[in-house]
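# Fold the following and give me the result.
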Amino acid sequence: MRMQTFIGGGAACANFLQAVADLIGSLVPTMERLGVATAAEVEIATLTERLRHEVTTNASVIIGRSEIATWSVVANVTV
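Next up is the predicted model:
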């Protein structure tokens with residue numbers, strides 16, 4: 001069994017924050033359709049930098065989603 005997640009802060013989380021911003025960018029049309037936020041409110045062009053600024057300014061630690069995997073070997077059984 002294995003669990004993998006991202007934990008980091010400062011410059012170490014730049015790639016993770018870019019991935020989050022990319023995901024949010026893909027959801028902007030749905031956000032607008034549902035009335036959650038407008039593209040102007042999200043400002044996708046500067047989102048990664050704004051997220052990074054928040055993380056570094058507040059000395060935050062980012063914990064990403066966990067991915068859990070398990071595997072096993074099945075013995076060759078004759079019935």
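# show me the residues around the residue positioned nearest the centre of the chain that make contact.
Nearest to the geometric centre of the chain sits residue 20, at 4.1 Å (Cα atoms, centre = their mean). Contact analysis of residue 20 by Cβ atoms under 8 Å, 6 or more residues apart in numbering lists residue 51. All C-beta atoms are positioned from the backbone trio N, CA, C, and that covers glycine.
# Correct me if wrong, but it is in a helix.
Yes. Using DSSP: H, G, I helix; E, B strand; the rest coil, the assignment for residue 20 is a helix.
# I figured residue 56 hits residue 8, correct?
No. Counting by Cβ atoms under 8 Å, residue 56 does not reach residue 8; the two are 11.5 Å apart.
# Looking at these two, which is more packed in?
residue 8 (17 against 14; other Cβ atoms under 10 Å).
# Would you quantify the distance from the more buried one to residue 64?
9 Å (Cβ to Cβ, to the nearest Å).
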